[in-house]
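1. quick one, what's the 3D model for this:
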Amino acid sequence: MVSTPYYRGRAKEYKAMEILRKEGWFCSRSAMSHGPVDIFAGKDGRTVLIQVKSGRARINKKEREELICWAKAFGAEAEVWYIKKRKEVIKEKIELD
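-> Below you'll find the predicted structure:
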């Protein structure tokens, strides 16, 4: 399979959904969206909108602001997940102030 940034990013999103499902979350990808939300997840009345970043990628100010707007619109929480090469996952909760 060809390794492009899209395919590598998609693989990280699937990894994030695998983790969520093992924890009992219902989740879905926002495929090909190129938007602020990669994964929508719900469990026990909670909704979390997740932006997944891989490698050295970081969320920029505009992406963060958009993610916050989406989370507020859905009454959800917002997180950014950084998935590293060695499958380490760093979860950053975003304050919605």
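2. how about the strands in this structure?
-> Along the chain, counting by DSSP state E, strands occupy 26-29, 39-43, 46-54, 77-83, 89-94.
3. show me the shaky parts of this structure.
-> Along the chain, segments meeting pLDDT under 70 span 1-2, 32-33.
4. about what we covered before: turn the strands of the chain into a markdown table, columns for mean neighbour count and distance to Ala71.
-> From N, CA and C alone the C-beta is placed, and that goes for glycine too. A markdown table is the format used below for the strands of the chain (neighbours: other C-beta atoms under 10 Å; distance: least, C-beta to C-beta, whole Å):
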| stretch | mean neighbour count | distance to Ala71 |
| --- | --- | --- |
| strand 26-29 | 14 | 15 |
| strand 39-43 | 17 | 11 |
| strand 46-54 | 20 | 5 |
| strand 77-83 | 20 | 4 |
| strand 89-94 | 13 | 7 |
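5. export the ones you listed to a markdown table and tack on distance to Tyr14?
-> Formatted as a markdown table, those follow (distance: least, C-beta to C-beta, whole Å):
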| stretch | distance to Tyr14 |
| --- | --- |
| strand 26-29 | 8 |
| strand 39-43 | 10 |
| strand 46-54 | 10 |
| strand 77-83 | 10 |
| strand 89-94 | 13 |
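6. can you check which of these gets nearest to Lys15?
-> strand 77-83 (5.9 Å; C-beta to C-beta).
7. helices or strands up against the closest one?
-> helix 5-22, strand 46-54, helix 61-74, strand 89-94 (3 or more C-beta pairs under 8 Å, 6 or more residues apart in numbering; DSSP states H and E).
8. I'd like these as TSV, with distance to Val80 appended.
-> As requested, the helices and strands packed on strand 77-83 are exported to TSV (distance: least, C-beta to C-beta, whole Å):
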stretch	distance to Val80
helix 5-22	11
strand 46-54	5
helix 61-74	7
strand 89-94	5
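9. go through the ones you listed and name the closest to Val37.
-> That would be strand 46-54 among the helices and strands packed on strand 77-83, by C-beta to C-beta, at 4.6 Å.
10. what lines up beside the closest one in the sheet?
-> strand 39-43 (antiparallel), strand 77-83 (parallel) (DSSP bridges).
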